[in-house]
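*Asks:* Just a sequence and a predicted model for now, questions to come.
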Amino acid sequence: MPANPFSTRRADGVPDDAQRRFDDLLAHLPAGVVMHDGAGRVVAANRQALALLGRTEYEAREAPGGDAWHFVRADGSQMPPSEYPVNMVLRTGAKVSDLVVGVSRPDHGDVRWAICNAYPERDAHGAIHRVVVCFTDCTALKDAEQSLHKSEERMRLALQGSTDAPWDWDLVSGELYYSPRWWEMLGYVPGEQAADPEAWVRLTHPEDRIRVVAFLDELLPGPRQAYSMEFRLRHRDGHYVPVLSRGYILRDGAGKALRLSGTNTDLTERKQAERRIHELAYFDQLTGLPNRRFLLEELSQILARNSRAGRHGALLFLDLDNFKLLNDTMGHDVGDLLLREVARRLRRALREGDHLARLGGDEFVIVLENLGATPAEATAEVQAVGRKLLEVLGEPFELDGRLCASSPSIGATLFDGHPTDIDALLRQADLAMYRAKDEGRNTLRFFDPGMQAAVDRQAALSAALRTGLARRQFVLYCQPQFGHDGSLVGAEALVRWKRGTDELVGPGEFIGAAESGGLISALGMDVLEQGCHALARWARAPHLATLKLAVNVSVHQLRDPDFPHAVATLLAATGARADRLTLELTESVFARNPDDLVDRMQQLRGLGVHFALDDFGTGYSSLAYLARFPLAALKIDRSFVQDVDHDPNASSIVEAIIALARKLHLATIAEGVELDAQHAFLAAHGCDVMQGYLLGRPVAMDEFERRYGRAQAQAASGSST
């Protein structure tokens with residue numbers, strides 16, 4: 001490279017001190033300086049320029065004009081050579097100022113950024129004979145700019161994709177910025193309203209304004225740097241938009257608030273969802289009435305109010321009579337229509353301060369407050385309300401174009417200022433409602449303590465029954481059955497509860513509790529299992545092997561689809577003969593799903609099991625089923641047998657039953673035979689089997705086996721001699 005064109009030497013070619021200092025300054029200058037000749041070729045470059053260029057001095061000097069550099073524009077695109085600073089100066093003759101260019105360095109695999117200035121040097125004739133280009137490295141600034149741009153872009157995209165509305169309040173200057181989204185959230189076009197600090201105050205709901213201003217008055221002087229609060233802003237169309245405002249407070253070194261910035265979030269959807277969740281949690285979806293959960297929470301407050309006021313109130317439990325029948329016969333859609341109409345009529349009939357809720361199904365609860373200072377006053381008020389409810393619900397309902405009748409049974413219980421358990425109140429009203437049903441329905445009945453005592457006894461009995469079943473306390477007694485010739489042909493199994501060493505409880509005291517407590521099926525299977533074991537023992541005793549054993553089965557057992565399989569399993573496990581087992585059932589089993597019952601009975605009949613219809617003549621519609629069900633015998637009820645010797649009607653009925661059974665090839669069994677005259681009448685008219693105190697009382701199973709096994713043996717021995 002020729003001598004440095006930046007140099008000036010003395011005539012003898014030796015640089016003076018000033019020139020040396022200038023050359024040294026140029027070499028250490030933190031900016032790159034490149035000298036081009038009039039053709040654009042590099043004729044000189046200082047150290048910084050070569051470092052920025054990524055070339056050696058030789059490479060820079062030997063490169064064709066303009067090819068020493070590989071520039072890119074500020075946006076990152078490739079810069080054509082015509083836009084290079086040196087070429088722009090050579091083409092236009094004008095200087096280039098503050099042009100930001102990227103210098104691509106292929107050998108280094110990076111791009112450096114520089115602020116470029118270029119100017120021409122002219123000869124005595126004004127022609128450009130040199131161009132000086134200066135570069136100041138601004139890569140760090142460019143990186144910061146790009147990083148800031150990316151952050152701004154991310155922020156912009158995030159805000160565009162959210163419902164947040166940014167705002168900024170300069171507390172020093174008073175300038176307040178509302179973003180376009182802030183205005184759009186309220187239905188305004190940006191610029192339509194004045195963007196002054198009072199705008200949000202004007203738009204805040206009057207009920208929220210004092211609270212929000214007071215909050216800011218406390219927030220700004222304090223030490224907090226962040227906050228969050230909810231309030232409502234008026235929309236352009238007049239409704240109010242619930243917003244969540246969250247912000248940050250910028251403070252100076254002394255803690256003084258300088259700036260408040262944040263975002264508003266539209267809470268409309270969240271509030272709607274919360275309201276919907278609340279409705280689902282606390283309101284019945286069919287009728288719109290409060291549900292049990294709402295009632296319980298409200299009732300605790302009602303009781304507290306009554307306690308403070310010293311007044312009486314009442315809780316009414318209302319249940320629709322025969323609602324299930326309407327549902328089954330007319331369909332659940334009609335049932336739903338009825339429930340909605342009942343809810344509407346109840347709302348209309350009650351006072352504004354009364355409370356109405358639907359517990360579920362056809363059960364409604366009404367709570368009446370402030371009924372009076374004495375129980376008598378409160379009772380009179382409840383009776384008046386009850387009459388009104390019975391009247392409005394007694395009117396026919398038009399449901400889906402059909403007129404339907406319905407009536408309620410209402411139970412009521414009073415409460416006063418004394419502490420009261422809510423669940424106990426509900427139970428009391430429920431018990432009173434069942435009393436209303438038992439006493440004819442379509443009426444109102446009040447709770448009395450005797451009801452609760454009866455329920456407590458029932459609950460205790462149910463618990464004891466469960467324990468008794470678990471401890472195998474139920475034992476079998478047998479009452480013998482004799483043929484018309486006096487021979488022993490079988491026995492009926494009768495269950496007894498051996499609660500203690502000397503306590504034996506008859507079935508009349510626990511069968512009802514077993515049915516209501518859901519234990520009757522378990523008890524029935526326990527009895528059936530013991531009966532099968534007995535038949536298996538009898539089969540091994542020559543004098544008992546021909547006897548049949550009758551076991552009562554409940555309607556719950558026969559309605560169980562698995563009952564035939566359970567019986568078959570018991571027979572196989574015990575070794576009992578199926579043809580020695582007779583299952584006694586009552587006419588109540590025929591009341592529902594007779595086709596299913598016929599199928600189960602046929603399955604059992606296929607095993608060899610026999611069926612006898614108990615208490616014949618006391619039920620309903622049994623004649624229609626006699627030919628259809630696989631029965632083997634009819635049991636004549638004791639109510640006919642006890643009068644057969646002196647009541648012509650009873651004797652005629654018994655004669656008719658025996659004749660009917662004979663026509664249908666069914667055996668007849670008379671129970672409750674206690675007198676010789678009764679026995680003589682039944683024997684004379686062809687009754688096949690008889691049982692009763694005259695012939696033999698029920699005895700424990702082991703006693704039955706000893707007594708009648710020995711008697712049979714003695715009878716057999718006597719006949720052989």
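*Replies:* Received, thanks. Keep in mind that this is a model prediction, so the values were computed, not measured.
*Asks:* Hmm, Leu403 is touching Pro396, no?
*Replies:* Yes - taking contacts as CB atoms under 8 Å, Leu403 lies within contact range of Pro396: 4.7 Å. Using the backbone N, CA and C atoms, a C-beta is placed for each residue, glycine as well.
*Asks:* Show the average pLDDT along stretch 394-404.
*Replies:* The pLDDT scores in stretch 394-404 average 87.
*Asks:* Packing partners of the helix or strand that Val89 is a member of?
*Replies:* Under DSSP states H and E, the secondary-structure element containing Val89 is helix 85-92. Packing partners of helix 85-92 (3 or more CB pairs under 8 Å, 6 or more residues apart in numbering; DSSP states H and E): strand 96-105, strand 110-122, strand 128-137.
*Asks:* Pull out the buried positions in the second one.
*Replies:* When you say that, I think you mean strand 110-122. With burial defined by 16 or more other CB atoms under 10 Å, the residues of strand 110-122 counted as buried are 111-118, 120.
*Asks:* That strand pairs with which strands?
*Replies:* In the sheet, strand 110-122 lines up against strand 96-105 (antiparallel), strand 128-137 (antiparallel) (DSSP bridges).
*Asks:* For Arg441, find the nearest of these.
*Replies:* strand 96-105 (94.6 Å; CB to CB).
*Asks:* tell me the mean pLDDT over that closest one?
*Replies:* Across strand 96-105, the average pLDDT comes to 86.
*Asks:* contact partners of that strand?
*Replies:* Contact with strand 96-105 is made by 52-54, 69-74, 76, 79, 85, 88-89, 111-119, 135, 138, 142, as judged by CB atoms under 8 Å, 6 or more residues apart in numbering.
*Asks:* Buried residues, that strand. List them.
*Replies:* By 16+ other CB under 10 Å, the buried positions in strand 96-105 come out as 96, 99, 101-105.
*Asks:* which one of these is nearest Asn291?
*Replies:* Within the buried residues of strand 96-105, the smallest distance to Asn291 is 70.3 Å, found for Gly102 (CB to CB).
*Asks:* Find me the pLDDT at the residue nearest to the closest one when sequence neighbours are not counted, would you?
*Replies:* Spatial nearest neighbour of Gly102, excluding adjacent residues (CB to CB, 6 or more residues apart in numbering): Val72 at 3.8 Å. For Val72, the pLDDT comes out at 85.
*Asks:* I'd assumed Gln78 was in contact with Val72.
*Replies:* Yes - counting by CB under 8 Å, Val72 touches Gln78, with 5.8 Å between them.
*Asks:* For the two, indicate the residue with more neighbours.
*Replies:* With neighbours defined as other CB atoms under 10 Å, Val72 and Gln78 compare such that Val72 has more, 15 against 10.
*Asks:* where does that one fall, phi/psi-wise?
*Replies:* Backbone torsions for Val72, taken as degrees, to the nearest 10, come to phi -130, psi 150.
*Asks:* In contact with it, which residues are there?
*Replies:* Taking CB under 8 Å, 6+ apart as the criterion, Val72 is in contact with 78-79, 101-104, 111.
*Asks:* What separation is there between it and Arg358?
*Replies:* 75 Å (CB to CB, to the nearest Å).
*Asks:* doesn't Leu356 fall inside a helix?
*Replies:* No - under DSSP: H, G, I helix; E, B strand; the rest coil, Leu356 falls outside any helix and is assigned strand.
*Asks:* what's the burial count for it?
*Replies:* Leu356 has 19 nearby residues by other CB under 10 Å.
*Asks:* pLDDT below threshold where in the stretch 151-300 of the chain?
*Replies:* Applying pLDDT under 70 to the stretch 151-300 of the chain flags residues 151-163.
*Asks:* Which stretches in it count as helices?
*Replies:* Ranges of helices in the stretch 151-300 of the chain, per DSSP state H, counting those that start in this stretch, are 180-185, 199-203, 206-219, 268-282, 292-309.
*Asks:* For my notes, please list the ones you listed in JSON lines and give distance to Phe681 and mean neighbour count for each entry.
*Replies:* What follows is those, written out as JSON lines (distance: least, CB to CB, whole Å; neighbours: other CB atoms under 10 Å):
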{"stretch": "helix 180-185", "distance to Phe681": "97", "mean neighbour count": "18"}
{"stretch": "helix 199-203", "distance to Phe681": "101", "mean neighbour count": "17"}
{"stretch": "helix 206-219", "distance to Phe681": "92", "mean neighbour count": "13"}
{"stretch": "helix 268-282", "distance to Phe681": "69", "mean neighbour count": "12"}
{"stretch": "helix 292-309", "distance to Phe681": "60", "mean neighbour count": "15"}
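*Asks:* possible to save these as CSV with distance to Leu258?
*Replies:* Formatted as CSV, the helices of the stretch 151-300 of the chain follow (distance: least, CB to CB, whole Å):
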stretch, distance to Leu258
helix 180-185, 21
helix 199-203, 19
helix 206-219, 14
helix 268-282, 32
helix 292-309, 48
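*Asks:* Could you work out which of those helices reaches nearest to Leu476?
*Replies:* Nearest to Leu476, of all the helices of the stretch 151-300 of the chain, is helix 292-309, at 44.8 Å by CB to CB.
*Asks:* Remind me what that closest one packs against, helices and strands.
*Replies:* By 3+ CB pairs under 8 Å, 6+ apart, helix 292-309 packs against helix 268-282, strand 312-320, strand 355-360, strand 363-372, helix 422-438.
*Asks:* outside of the fourth one, which residues touch it?
*Replies:* Outside of strand 363-372, the residues within contact range by CB under 8 Å, 6+ apart are 289, 295, 298-299, 302, 305-306, 309, 311-319, 342-343, 346, 350, 353-359, 377-378, 380-382, 385, 389, 414, 426, 429.
*Asks:* Buried only: go through those residues for me.
*Replies:* When the contacts of strand 363-372 are checked for burial by 16+ other CB under 10 Å, the buried set is 289, 295, 299, 302, 306, 311-319, 342-343, 346, 350, 354-359, 378, 381-382, 385, 389, 414, 426, 429.
*Asks:* Relative to Lys142, how far out is the residue nearest to Gly102?
*Replies:* Note on Val72: its distance to Lys142, by CB to CB, is 11 Å.
*Asks:* Near the closest residue to Leu504 other than its chain neighbours, how many other residues are there?
*Replies:* The shortest distance from Leu504 to any non-neighbouring residue, by CB to CB, 6+ apart, is to Arg496 (5.3 Å). Per other CB under 10 Å, the neighbour tally for Arg496 reads 17.
*Asks:* Quick check: bridge partners of Arg496?
*Replies:* Val475.
*Asks:* wait, doesn't Leu53 sit right on Val42?
*Replies:* No - Leu53 sits out of contact with Val42 when judged by CB under 8 Å, with a separation of 9.0 Å.
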